[in-house]
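**Q** whatever this is, show me its structure:
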Amino acid sequence: MSAERKREVSSSGAADRQPPRLLEPRAGALRRGFDTTQAWIFDLDNTLYPAECNLFAQVDHRMGAFIARYLGVPYAHARHLQKTYYRQFGTTLAGLMAVHKLDPAEFLAYVHDIDLSVVQEAPQLRAAIAALPGRRLIYTNGSHRHAERVAEKLGVLDLFEDICDIAACDYVPKPEANAFDRMIRRHGVAAETAAMFEDMPMNLAVPHDLGMTTVLVHSSYVDHPIQEQMKAWTELPDHIHHMTLDLAVFLSIAMVPSTGR
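**A** Got it, this is the predicted structure:
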């Protein structure tokens, strides 16, 4: 492991617990760095903020509560539907719209009405993002207002050119190829000079195929089968060029000249 990677590992967790594994690409995999990156695109939930603050658990609970009320079913059944739709359609919202013809505005307003006191200002992340050359975008399956509130709480909102939310993509969610196509066209992104940062590995497959440099941000939040499958990984799949346990540290390292990253 390189000295830079060791620096990242050492910053990622408490010494008294076993840290998550920082996986490397397989031997012979195509390497992609950031020398030509002109657009830096970040997912929001469990990516820009650490999953350990457990913010998304509030959203997750409110989705179940909304479905229970909207469909008039017990909460346990609502949770079953919620996770089924999430896995089948890419987002719970997409499933509710397809199956139940839900108006998305009401759903998004309800599920993102959460307490942000658990999100702390992140000066190290701010400094790392501020140093990135070129454009910076937030691309989320959530709402614009949710992303705006969280980024403001982190102290990074003013560093981003724009927020591309689920409504801006006509409610077509990641990981759908059509969702990325809408984001790219809306913001005039040249995929071959863009980098995508995500906590969900399936959301990096299309960016990779489009020519982006892809970075998997480790998340301790588990609510999808792929996150359990990842525990058995010994190396990164080919559609993921990099993995990080600490986004701020990774971005700082990425900007160090002559790293070959």
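**Q** mind listing what Lys83 touches?
**A** Thr92, Asp223 (CB atoms under 8 Å, 6 or more residues apart in numbering). (Each C-beta comes from the backbone N, C-alpha and C, glycine too.)
**Q** what helix or strand is it on?
**A** Counting by DSSP states H and E, the element that carries Lys83 is helix 75-89.
**Q** now that helix: buried residues?
**A** Ala78, Arg79, Leu81, Gln82, Lys83, Tyr85, Tyr86, Phe89 (16 or more other CB atoms under 10 Å).
**Q** what is the next helix or strand after that helix packed up against?
**A** Where DSSP H and E defines the elements, the next helix or strand beyond helix 75-89 is helix 92-100. Secondary-structure packing of helix 92-100 (3 or more CB pairs under 8 Å, 6 or more residues apart in numbering; DSSP states H and E): helix 55-71, helix 75-89, helix 104-111.
**Q** can you put those in a markdown table and add mean pLDDT and distance to Ile129?
**A** Listed next are those as a markdown table, based on pLDDT from 0 to 100; distance: least, CB to CB, whole Å:
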| stretch | mean pLDDT | distance to Ile129 |
| --- | --- | --- |
| helix 55-71 | 95 | 19 |
| helix 75-89 | 94 | 29 |
| helix 104-111 | 95 | 25 |
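**Q** need those helices in TSV (columns: distance to Val222).
**A** As requested, those are exported to TSV (distance: least, CB to CB, whole Å):
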stretch	distance to Val222
helix 55-71	11
helix 75-89	12
helix 104-111	19
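**Q** what's the closest of these to Pro133?
**A** helix 55-71 (29.3 Å; CB to CB).
**Q** which strands and helices lie in contact with that closest one?
**A** Helix 55-71 packs on helix 75-89, helix 92-100, helix 104-111, going by 3+ CB pairs under 8 Å, 6+ apart.
**Q** mind putting those in JSON lines, distance to Gln124 included?
**A** Output for those, formatted as JSON lines (distance: least, CB to CB, whole Å):
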{"stretch": "helix 75-89", "distance to Gln124": "32"}
{"stretch": "helix 92-100", "distance to Gln124": "32"}
{"stretch": "helix 104-111", "distance to Gln124": "29"}
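**Q** out of the ones you listed, flag the one nearest Gly142.
**A** Comparing the helices and strands packed on helix 55-71 by CB to CB, helix 104-111 comes nearest, at 7.3 Å.
**Q** picking that back up, looking at the buried residues of helix 75-89, which is nearest Thr193?
**A** Closest to Thr193, out of all of the buried residues of helix 75-89 and judged by CB to CB, is Phe89, at 30.9 Å.
**Q** how about the closest one, nearest residue that isn't a chain neighbour?
**A** In space, and not counting its chain neighbours, Phe89 is closest to Gly95: 4.0 Å by CB to CB, 6 or more residues apart in numbering.
**Q** one more: Leu116?
**A** Lys153 (5.0 Å).
**Q** that neighbour and Ala98, how far apart?
**A** To Ala98, Lys153 is 32 Å away according to CB to CB, to the nearest Å.
**Q** which of these two has more neighbours?
**A** Using other CB atoms under 10 Å as the criterion, Lys153 and Ala98 rank with Lys153 on top: 18 against 12.
**Q** on the three-state scheme, the more buried one is what?
**A** Following DSSP: H, G, I helix; E, B strand; the rest coil, Lys153 is assigned to helix.
**Q** how about the contacts made by it?
**A** Leu116, Val119, Gln120, Glu121.
**Q** now with 10 Å?
**A** By CB atoms under 10 Å, 6 or more residues apart in numbering, Lys153 lies in contact with Tyr49, Leu55, Leu116, Ser117, Val118, Val119, Gln120, Glu121, Ala122.
**Q** for the fifth one, give me its contacts.
**A** So that's Val118. Contacts of Val118 by CB under 10 Å, 6+ apart are Tyr49, Glu52, Cys53, Asn54, Leu55, Ala57, Gln58, Lys153.
**Q** those: which two are farthest apart?
**A** Ala57 and Lys153 (16.4 Å).
**Q** coming back round to it: quick one: closest of the helices and strands packed on helix 92-100 to Ile240.
**A** Of the helices and strands packed on helix 92-100, nearest to Ile240 by CB to CB is helix 75-89, at 20.2 Å.
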